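1. How does the following fold in three dimensions:
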Amino acid sequence: MFIDSHCHPYMLDLTSYDNNFDRFMLETKQAGVDAMLCVAVDMITAKKCAEIATKYENVYSSVGSHPSEKTEDDLSIETLCELAAHPKVVAIGETGLDYYYNSDKLEIMRQRFRDHIIAAKRMQKPLIIHTRNAREDTIAIMKAENADQMGGVMHCFTESLEMAKASLDLNFYISFSGIITFKNAKELVDVVSYVPLDKILIETDSPYLAPMPFRGKQNEPKYVRYVAEKIAEIKNISVESVAEKTSDNFRNLFIK
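-> Numbers count the residues shown, from 1 in each chain. Next up, the predicted model:
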């Protein structure tokens, strides 16, 4: 059984499930997904995630404001803490820095990131960090705000081996997505090879980034198996070992 450590099921097109969320959840479970973390990107989705997690025992939720969200979607430290008090909320995020899309509001984004780290420490819950084209600043803020006190996960990791090492030193797990199955993911394969299995999580980031052989189609939590299979191939271990250890890692990080 696998755990999808990062997905957005509220964004899925459920036409193939007759637009029935219960059916989607049942078939996902039957496909071998034991649990999932429904990740928020703003206030509205934080409430959606909490609703889904409340209804389904094997779903957990987060609260956060994605770095690419509009300024008016900012969540104050107080609001983050209030939302994070929900019993099924296990993490703060996703948060972080994304310089690919947001070059016009860098300081706003940096302050948003700092606020999330402060909220995570206040609520004693780990962070889910998104980073893109912002390696130095991401690590610098994590260090300055003592993010290592709570730890967390660098989600959908696509950065360098050097950044992976810096993240591990800060008490963070590294989560890999279907991107590692892409033919052009050579550098990322090297990162997978380096990161110890006891510091790895697996995710889909669905509905985005479907793994091979589904690339270009809607991603779903049930495809997390393909991420595990690629990690097993890279590390020359069994898929069962990857499933067991990454599930243990998820529980150790989020379900303490």
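
2. Quick one: the helices in the stretch 51-200 of the chain, in order.
-> In the stretch 51-200 of the chain, the segments counted as helices under DSSP state H, counting those that start in this stretch are 77-84, 106-123, 135-144, 161-169, 186-194.

3. low-scoring stretches of the stretch 1-150 of the chain, by residue?
-> For the stretch 1-150 of the chain, the stretches with pLDDT under 70 are 69-73.

4. 80 instead?
-> Applying pLDDT under 80 to the stretch 1-150 of the chain flags residues 68-74, 101-104.

5. Now Ala166: closest residue in space that isn't a chain neighbour?
-> Ile139 (4.9 Å; C-beta to C-beta, 6 or more residues apart in numbering). In short, each C-beta sits where N, CA and C put it, glycine included.

6. hang on, the one you found packs against Phe172?
-> No. The pair Ile139 / Phe172 is not scored as a contact, 10.1 Å apart, by C-beta atoms under 8 Å.

7. Which one's more surrounded, those two?
-> Ranked by neighbour count (other C-beta atoms under 10 Å), Ile139 and Phe172 place Phe172 first, with 25 against 20.

8. Just list the residues touching the more buried one, thanks.
-> Leu127, Ile129, Met142, Ala147, Asp148, Gly151, Gly152, Val153, Met154 (C-beta atoms under 8 Å, 6 or more residues apart in numbering).

9. Of these, just the buried ones, PyMOL syntax please.
-> A single PyMOL command selects the buried members of the contacts of Phe172 (16 or more other C-beta atoms under 10 Å):
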select buried, resi 127+129+142+147+152+153+154
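
10. Distance to Asp18 added to the contacts of Phe172, as a markdown table?
-> Supplementary listing: the contacts of Phe172 in a markdown table, determined by distance: C-beta to C-beta, whole Å:
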| residue | distance to Asp18 |
| --- | --- |
| Leu127 | 37 |
| Ile129 | 36 |
| Met142 | 44 |
| Ala147 | 43 |
| Asp148 | 46 |
| Gly151 | 40 |
| Gly152 | 36 |
| Val153 | 33 |
| Met154 | 36 |
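
11. In strands, which of the contacts of Phe172 appear?
-> Applying DSSP state E to the contacts of Phe172, the entries found in strands are Leu127, Ile129, Gly152, Val153, Met154.

12. Which single one of these is nearest to Val224?
-> Comparing these against Val224 with C-beta to C-beta places Val153 closest, at 14.4 Å.
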